[in-house]
Each structure stands twice: as structure tokens, then as C-alpha cells.
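J.: Prediction below, plus the sequence it came from.
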Amino acid sequence: GAVVSQHPSWVICKSGTSVKIECRSLDFQATTMFWYRQFPKQSLMLMATSNEGSKATYEQGVEKDKFLINHASLTLSTLTVTSAHPEDSSFYICSAKLNHQETQYFGPGTRLLVL
Amino acid sequence: GDSVTQMEGPVTLSEEAFLTINCTYTATGYPSLFWYVQYPGEGLQLLLKATKADDKGSNKGFEATYRKETTSFHLEKGSVQVSDSAVYFCALSDSGYALNFGKGTSLLVTP
């Protein structure tokens, strides 16, 4: 089946630093990737939709200058949390889908802790 | 807006017990409905889906029927196993695109 990886699986950083999270589709080309955020015991909340070669579409309330998304190739999307603060601590999950297909394939998630 | 409500967990069952995890939704259109499962330390995996009313999705002994009249998509399994211990997420897609998730229900099956 389709496999999506994320790196790193967890990261601890100091407040004010930037953190980059990678999402890769390992055995398929993903025209669209999604970034979700999950707080403890909460739903996955869609942050943004990323299409290869174009600007990401952010959900209402998500700061695009804080959460920079780049989808430079059909197998890689990156999420950069800029000037991270403790309230950005969360579980970030990406997913990828093939063009014209509905099913999303999810990465294992990245746990971010900002001190 | 669209939303998904699923029963609070955790749910603890003995092996071979019957499982039901309730899921109801609100949507303005005609959404597709999904159940995803997340095993410990792994990413979400699609368990089953249904794309229109009265469709039944099934996989690995799990079933869910798309009930438009009750706006529900309850997950059932007749006999759970220890290996079914995981977190289960109900979700909908009203645009064939982004997913709208419930909060997840943690299931623990004991021997």
C-alpha cells in the first residue's frame, strides 16, 4: 500500500527557533498533501492543503507566515514552524493523496515540544 | 459547518466481545464517510469507507453502514481481538478533498 513518512518523529526546540517537518510519499506521487494538527484528546484539525508547485491553501485561523508550507516535488512537502512558541507544541500529521482519488494516506506524525 | 461527533472513550472490552463505536455527522451536502484506525506508534490507516446512503463499508471484520436518515456511520465488529486495540477516528469528506475528523475513540481489548 501507499506509504507516507514524516521526519522527524519528534522534536524538542527552544522558544523562538524554527522547526522543519518533512512529509514524503515513498512509493507514489502525491499531487496533494495535507497538514493536520492534533491536540491531546482532540480531533485532527486541517491546517492547510498543499498542491505541488503552487502555494498552499490555509484554513481560517492558521497563520501562513508562521506555518510555512512548501510542496516542491510530487513526493515531498515540508512544514516549517517559524519562531516557535510553547503554544505551538502539538502533534503534526501529514497526509497525501493521488490525483482524482479520495483516499488519503497518513504519515505517522511528528510530535513538537517547544520549551 | 460540517462536523463529526463520535463517542467518548476509552472503550475497554474483553476479547471476543461485540464492539460498537457511535459516529454521527452534520453536513450540508452528501459527504463520503470514513473510519480510520491508528495503531500505537503508527499513522492513521483507512479502515473502511462509504460514499453514499445505505452503502456498507467493511474490512477486517469491521462494518459501518451509511445511514442518511439518522446521519450516522456507526462502527461495529462482532468479535474483537487484542490486536484491534487502537484509536478509531470517524471522518467525513464533503468535497472529496479535505477530511473532517471526530475526536477519536480509544479501544482497549483485554485477553
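T.: Cool, got the structure. Because the structure is a prediction, the values reported are computed rather than measured. Residues are numbered from 1 along each chain as shown, chains lettered A, B, ... in the order given.

J.: who in chain B is up against chain A?
T.: Taking C-beta under 8 Å from any C-beta of the partner chain as the contact definition, chain B meets chain A at B:4, B:32, B:36, B:41-46, B:49, B:51, B:89, B:93, B:96-104. Quick note: C-beta positions are derived from backbone N, CA and C, even for glycine.

J.: how about 6 Å then?
T.: Proximity of chain B to chain A (C-beta under 6 Å from any C-beta of the partner chain) is limited to residues B:42-44, B:46, B:96, B:98, B:101, B:103.

J.: B:Glu76 - how many residues pack around it?
T.: 15 (other C-beta atoms under 10 Å in any protein chain shown).

J.: tell me the phi and psi of it?
T.: Main-chain dihedrals, B:Glu76, degrees, to the nearest 10: phi -140, psi 150.

J.: For PyMOL, what selects the buried ones among the residues of chain B next to chain A?
T.: Selecting only the buried entries of the residues of chain B next to chain A in PyMOL, with 16 or more other C-beta atoms under 10 Å in any protein chain shown as the criterion:
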select buried, chain B and resi 43+44+46+98+101+103
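
J.: Lowest pLDDT pick from the residues of chain B next to chain A?
T.: Note: of the residues of chain B next to chain A, the lowest pLDDT belongs to B:Gly96, at 65.

J.: any idea which residue sits dead centre in chain A?
T.: For chain A, the residue nearest the mean C-alpha position is A:Trp35 (3.7 Å; C-alpha atoms, centre = their mean).
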